[in-house]
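J.: would you be able to build a 3D model of this:
(chains A, B and C)
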Amino acid sequence: MEAFFFLLLAVVSIFSGLMVILQKSPVASVLFLVLTLVCVAALFVMLSAPFIAAIQVIIYAGAIMVLFLFVLMLLNLQRFTEGAWSRFQITGVVVAAVLAVVTALLLRAVPLPADSGFLRETPGLGSVEAVGLSLFTEYLLPFEIASFLLLAGIIGAVILSRRRP
Amino acid sequence: MDLSRFNLITIATPLVLGAGVLLVMLVDLLSGRANRRPAQLAALAVVLAAAAVCLATWNTGGVSFFGQVSGDGFASFFNLIFLAVAFLVILAGPAYLERNAIHFGEYYSLVLVSVMGMAFMAAGTNLLVIFLGLETMSLALYVLAGFNPARQSSNEASLKYLLLGSFATGFLVFGIALVYGQIGSTDLARFSAYLAGAGDPFAGYMGAGVALLLIGLTFKMAVVPFHFWSPDVYDGAPTVVSAFMSAAPKAAAFAAALRIFYAPAESLGLPWERILWILAALTMTVGNLSALNQASIKRMLAYSSVAHAGYLLLGILAGNELGAAGILFYLASYVFMNVGAFTVAWMVNRRGEGRYDLGDFAQLGFRRPLLAAMMSVFMLGLIGIPPLAGFFGKLYVFTAAVQAGYVWLVVIAVLNSAVSVFYYLRVMVIMYMRENEALKDVDRIPATFAAVAACALMVILLGLIPGSVLDVARAAVASMP
Amino acid sequence: MTEQFTPVVWMLLSAALLTAGMMAVAIFLGPRKMNPVKAEPYECGIKTEDPPLNMRHPIRFYVVAILFIIFDVEIVFLYPWAVVFRQLSLVAFISIAIFIGVLMAGLYYAVKKGVLEWR
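T.: Numbers count the residues shown, from 1 in each chain, chains lettered A, B, ... in the order given. Got it, this is the predicted structure:
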């Protein structure tokens, strides 16, 4: 059952990931990206990390994608024109191919480090409850600092919205 | 729930700053559209209050918040440095902001938020607190760099800093994740304990983790090869912001680096030493050689600050108490020289924001002898001429490196200092020897002048009592848990 | 752990089936009589422009989107808080009050500064 779901999600996410770069319309690309992110969120659930999955949906599939769509509309992008490959695309393909080869060689040459084991020692590590408990005890201070981080973001937005003289 | 776990004394200074940010925002809202004076005064009051709290709680905190922060003397020492820089740029800033028609209340709240982040970088004993402090600091700086939206170069500086800075932060977070993956904790005490106990400190994810942590921090220090952003950003950002950016964040990055790497430096062993050796040598040399040929004073100072990051790395590499205390002393004097030099640079700039030519300094020695004398103090201090603070900073850091056995690196550093004499002295030569009648006079701005004078006084004062300040720095380093 | 997500799978499945069913019904039962005139946008004799001339949105939308992201991140913190609130009661309440207080101050500031005003 687990293998079935994993395969399903993997295939769908790879397919939609490909569609992100193969679509002609940028808006369709963004929508496929949403599908990819939702599939990855489901994969996080299967890895017993439901909180990460929730963040994935709320932040990435939600907020970041809204930002993507806004930027697309601000720039008013047309459909990508077909034709000969641009220099960018050729460079991109070459870089991607080199990266793939290097990654494959690295994976063959350097074995992944052994499992340090602490993840198995604490069951329910990634659950929302566990995250909440440690967030409001041990990590209370970083949590409060985060509010000032967000405040700096708000002040930045205020400056961004200022009318140019 | 045991409330005694939350000892507010440990975070008293950043707490005052955080409340101060909200206060300054409120004052800015209440004081109407055109009047920014109340916001500035409120910000100055907040900085003074925070400094008073910092002195009152000096080294009384201890580790608290479940080992997240330590309110020790080390944090207090750095807090005082950050607050001094904040005070100076808030005091000197309005004249510049008025001149460019960008005097908004957000300047003050952003500087305060940024300093609050730095305070957490210096106090954090957990990688997460250090990361959040760094992000809070950086986010405010990204906005400050683009504070002049009418100027293209300011926008460019902001965008460059944002893109490269978030990339570097990504490295830092990835490093933290790998360290967590290896030891199951982001606590720095656990981190050094693990490294001390491990046979091979770089086994598993640790090698990559430590390397990525180092990259994330050296980016903020502007260490070669992660320095490419700094000349463009310092040059493009509004000059008051450049003064702030070249001083305080660099100090904060070194504070965080000492927090993370001072205790386990011994156990990191040879690869660590080699990497730092190369980074330090490269940074000094590239910084100084690039500074030689800059026509813009802002770019020259930017490259000079790259070179100083190289000297400071010697203290980290030395890994002994004198090295760490030397870094504290060095930074305490460096920030005043840099803030002073950048401030004088915009005071004498008479060709508009786009051009910061060294020729602006022509004849300054005769028209404004006091200002020229203070600029000379900054330049001589940056070279490291004996009676001034800059000399003792270099002396302590270099001595520490020699004690640790890095004689050749110190030779390189001294040679580099000799090279730097050329471009620092050139400013003085222009001030006292070059003629240029065409330039109009430098404005007299009392508040800004007072800030520059305070910088110059500090550079001289720290040079007069280096021993006692070093003792305080030593005690601060020793108080680290 | 993963078992509690079984209802989610069923919900997604039924949503997909429902959508597919409705589309199928529309395709098989709906009358379709296409002609070229029907496909044109309604215009009063003026030739349609392709691409549309003024499709660019004001930059103000972008600021709203940024504010949305900031408060979206806030929601992420509220989620685990809601789960453990009963276990921690007072401390959790105080901490979230400070957190939201700071962000509300930011929101108040932004509103007063006219970020959300459409001038």
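J.: isn't A:Gly126 up against A:Ser48?
T.: Yes - between A:Gly126 and A:Ser48 there is a contact at 5.3 Å, judged by CB atoms under 8 Å. Using the backbone N, CA and C atoms, a C-beta is placed for each residue, glycine as well.
J.: so what's the closest residue to chain C within the stretch 301-450 of chain B up against?
T.: Residue nearest to chain C within the stretch 301-450 of chain B: B:Glu353 (23.6 Å; CB to the nearest CB). Going by CB atoms under 8 Å, 6 or more residues apart in numbering or on different chains, B:Glu353 touches B:Asn100, B:Asn148, B:Arg151, B:Pro238, B:Thr239.
J.: max pairwise distance over those: which two?
T.: With CB to CB as the measure, no two of the contacts of B:Glu353 lie farther apart than B:Arg151 and B:Thr239, at 11.4 Å.
J.: of the two, who's got more company?
T.: B:Thr239 (25 against 18; other CB atoms under 10 Å in any protein chain shown).
J.: quick one: low-confidence residue ranges for chain A.
T.: A:76-85, A:113-124, A:163-165 (pLDDT under 70).
J.: show me where it has its helices.
T.: Assigned by DSSP state H, chain A shows helices spanning A:2-22, A:26-46, A:50-55, A:65-75, A:87-109, A:118-121, A:128-135, A:140-160.
J.: out of those, which is the most enclosed?
T.: Compared across the helices of chain A, helix A:140-160 shows the largest average neighbour count, a mean of 23 (mean count of other CB atoms under 10 Å in any protein chain shown).
J.: any regions of chain B where pLDDT drops low?
T.: Across chain B, residues meeting the criterion (pLDDT under 70) sit at B:1-4, B:436-440.
J.: give me that answer again for 50
T.: B:1 (pLDDT under 50).
J.: in it, spot the helix with the most residues.
T.: Longest helix in chain B, counting by DSSP H: helix B:152-183.
J.: return the distance of that one from the chain's centre.
T.: Remark: helix B:152-183 is offset 17 Å from the chain centroid, using CA atoms, centre = their mean, to the nearest Å.
J.: C-terminal to it, what's the next element?
T.: helix B:188-197 (DSSP states H and E).
J.: what's the angle from that next one to helix B:152-183?
T.: Counting by axes from the mean of the first three to the mean of the last three CA atoms, to 10 degrees, helix B:188-197 lies at 60 degrees to helix B:152-183.
J.: can helix B:188-197 be found next to chain A?
T.: No - under the criterion of CB under 8 Å from any CB of the partner chain, helix B:188-197 makes no contact with chain A; the nearest approach is 10.5 Å.
J.: stretch B:146-153 now?
T.: Yes - contact between stretch B:146-153 and chain A, assessed by CB under 8 Å from any CB, occurs at B:Gly146, B:Phe147, B:Pro149, B:Ala150.
J.: what's the burial count for the last one?
T.: If I follow you right, that is B:Ala150. For B:Ala150, using other CB under 10 Å, the count is 12.
J.: is it fair to say it lies in a strand?
T.: No - counting by DSSP: H, G, I helix; E, B strand; the rest coil, B:Ala150 is not part of a strand but coil.
J.: phi and psi next, for it.
T.: For B:Ala150, the backbone dihedrals are phi -70, psi -20 (criterion: degrees, to the nearest 10).
J.: out of the helices and strands in chain C, which is least certain?
T.: Between all helices and strands in chain C, the lowest mean by mean pLDDT, DSSP states H and E belongs to helix C:36-39, at a mean of 73.
J.: ok, then the element right after it?
T.: Assigned by DSSP H and E, the successor of helix C:36-39 is helix C:60-88.
J.: so what does that following helix touch, helix or strand wise?
T.: Contacts defined by 3 or more CB pairs under 8 Å, 6 or more residues apart in numbering or on different chains; DSSP states H and E place helix C:60-88 against helix A:50-55, helix A:65-75, helix A:128-135, helix A:140-160, helix C:90-112.
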